[in-house]
Structures are given as C-alpha cells and as structure tokens.
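Chemist: give me the fold of what follows.
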Amino acid sequence: MQLHFLGTAAAEGIPNAFCRCDTCREARRLGGKNIRTRSSVIIDRRLKVDFSADSYMQALRDDIDLGAIEHLLVTHTHYDHYHPQDLYNRVEGFAHGLDGPLHIYGNDNVIRLGIAAVESGSERYRFHRLLPFRPFSAGEYAVTPLLADHDRNETCLLYVIEKDGRKLLYGNDTGWFPEETWAWLQGKRIDYAILDCTHAYTNNPRNRNHMSIETIVDMQRAFREQGVLAENGRITVTHFTHNAGLQHDDWVRAFAPYGIEVAYDGKLDTV
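Modeler: I've put the predicted structure just below:
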C-alpha cells in the first residue's frame, strides 16, 4: 500500500492562523515540515481517511485527484476530521467525468451529516453505516473498524486496513485504546501503525481523548509485549498540536531513541 500523509496537525493546524504564541511564530519562520494542516492520509490514491476543510488545499498542494478517490473512511465528526459540505462539490453538474460513486463509511453521525450535506437522491455517493469490530470490504481493501477512546458522545472509530497480506492500523484520534480494541488486536500482527500524538508530555500517559509522547512509548511497549506489531513493524506518529510547544525536529529528537517515525505533511511511505 502506498501511503501519503496529507495533513498531520490537530484541529487548529500549525501554525494556528489566529495564534501569536512562540510556537506558531517559530513555525511560520521555519516553514517546511513545521507547517501542518488537519490530519488525513490517502492510500494508493484511492482510499482516503477523513475529510477536513483542508482537503481541497491539500489536493492542490500535493497534486491529488480527489475524483479518483473511491472510498472515504471517517473516524468521527469533529470538524477537523469531517467537513461533508465540501463533498457537495462532487454532485452532478459540479463534477464531470467521474467513473462511479464515492463510498463513505462511518458512524451514524457521519451518515446523517453526509446525507444532509449532499443531494439525497444523487448517484454520486453511497453511505455505509459501520459498527465496531464488524469487518467489511472497501473495494480491494479489507477493513475493520475498532473502538477509539476519544469522545464520550460519539462512537469514534479507528481502522485496520488490509491489502495483499499487509495490515495498516490508523489509530487517530484516541487516547489509550479501550480494552475491546486491545482484545481484537491480539494475534493480528500489524505492519504499520499510525498513532495520535497530540500532546508532548502529560502527567497521565493514559489520558482519554489523545496520546502524548509517554503514551506512544507505552503503546510501543504494549505492542511488543502482546505481539501486536510485526517483527519489522513500524510506528509513525501524527496529529500534533501547537500547544505542545514543539517543532518538527523536536518531535524527531524525542522519538529517535525508540525508532518511532514522525509524520509531516506530504510524507510518502509504503506499508
């Protein structure tokens, strides 16, 4: 699977457009990998995870043909992960030359908000309601939604995506995994894990909602102890907030002793 990180920031982006803190000022000065938009990835240029309002700009920046996307997996409906209003631009009369519908997968809120944002009778969209731990096929991809620990008012999902015998875990947004998710992961052997590292350091590595550097290191240890990560499996962290006070090189230095990689906007990789 070919992996393309479109965005790697938390909800406010880095720099926050309204912020004058030292971290945001320094990110503007440094540019490059320190400029982060809202988190999303594309696999093989056909499957996308999450759809923020930054999707249009990311497509222009990275020469992405959003018309080629066949499957959209949505983790939850927070505004930095799901902006269905922009999906209206795919409707008949606005977008031409499309080969088929866009299949959109998610929880009840994802379906409800998506249908409200587009023409309900349009043939350009197919909505699929998901339940945790019930696998499904998205074209050539075998996908299993897992439970996240993120928003108590919504069933937030993580995804294990499998193709050609390789397994990718998209673990964002979440804190320490719920017990049901740990139980499902036993014996699965993940080849590549993308994990939420919103915060730098916290007093409680197992906080709800988001992870930190300590949580990620704890997660790596648990993966190894429980045999979740394949022998040559890799972990990449994403979804950073400017409130962590770190620039890209700071994150790299923090994770270097553990062999954990740091994502950045435009990063290309292979699973």
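Chemist: who's residue 234 bridged to?
Modeler: Beta-bridge pairing for residue 234 (DSSP bridges): residue 192.
Chemist: same check on the one 4 residues further on?
Modeler: With DSSP bridges applied, the residues forming beta bridges to residue 238 are residue 196.
Chemist: all strands for this protein, in order.
Modeler: Secondary structure of the chain (DSSP state E): strands at 2-7, 40-43, 47-49, 71-73, 102-106, 125-129, 136-138, 141-147, 157-163, 166-171, 190-196, 229-238, 261-262, 268-270.
Chemist: what packs against the longest one?
Modeler: Spelled out, that is strand 229-238. On a contact count with 3 or more CB pairs under 8 Å, 6 or more residues apart in numbering; DSSP states H and E, strand 229-238 meets strand 190-196, helix 213-226, strand 261-262. Using the backbone N, CA and C atoms, a C-beta is placed for each residue, glycine as well.
Chemist: can I get the ones you listed in CSV including mean neighbour count?
Modeler: Putting those into CSV (neighbours: other CB atoms under 10 Å) gives the following:
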stretch, mean neighbour count
strand 190-196, 24
helix 213-226, 17
strand 261-262, 20
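Chemist: distance check, residue 117 against residue 50.
Modeler: To residue 50, residue 117 is 15 Å away according to CB to CB, to the nearest Å.
Chemist: ditto for residue 31
Modeler: Distance from residue 31 to residue 50, by CB to CB: 24 Å.
Chemist: higher neighbour count, the two?
Modeler: Shown here are residue 31 and residue 50; by other CB atoms under 10 Å, residue 50 has more neighbours (25 against 8).
Chemist: does that one touch residue 82 like I think?
Modeler: Yes: using CB atoms under 8 Å, residue 50 makes contact with residue 82 at a distance of 6.6 Å.
Chemist: identify the contacts common to these two.
Modeler: Residues touching both residue 50 and residue 82 (CB atoms under 8 Å, 6 or more residues apart in numbering): residue 74.
Chemist: where exactly do the helices run in the stretch 51-200 of the chain?
Modeler: Along the stretch 51-200 of the chain, the stretches classed as helices by DSSP state H, counting those that start in this stretch are 55-62, 108-117, 179-185.
Chemist: could those helices be laid out in a markdown table, adding distance to residue 208, mean neighbour count and mean pLDDT?
Modeler: Shown next, in a markdown table, are the helices of the stretch 51-200 of the chain (distance: least, CB to CB, whole Å; neighbours: other CB atoms under 10 Å; pLDDT from 0 to 100):
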| stretch | distance to residue 208 | mean neighbour count | mean pLDDT |
| --- | --- | --- | --- |
| helix 55-62 | 27 | 16 | 98 |
| helix 108-117 | 19 | 17 | 96 |
| helix 179-185 | 14 | 15 | 98 |
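Chemist: now the residue of the chain lying at maximal distance from its centre: how far from residue 123?
Modeler: Here the centre of the chain is the reference, and by CA atoms, centre = their mean the most remote residue is residue 93, at 30.2 Å. Here residue 93 is placed at a distance of 12 Å from residue 123 (CB to CB).
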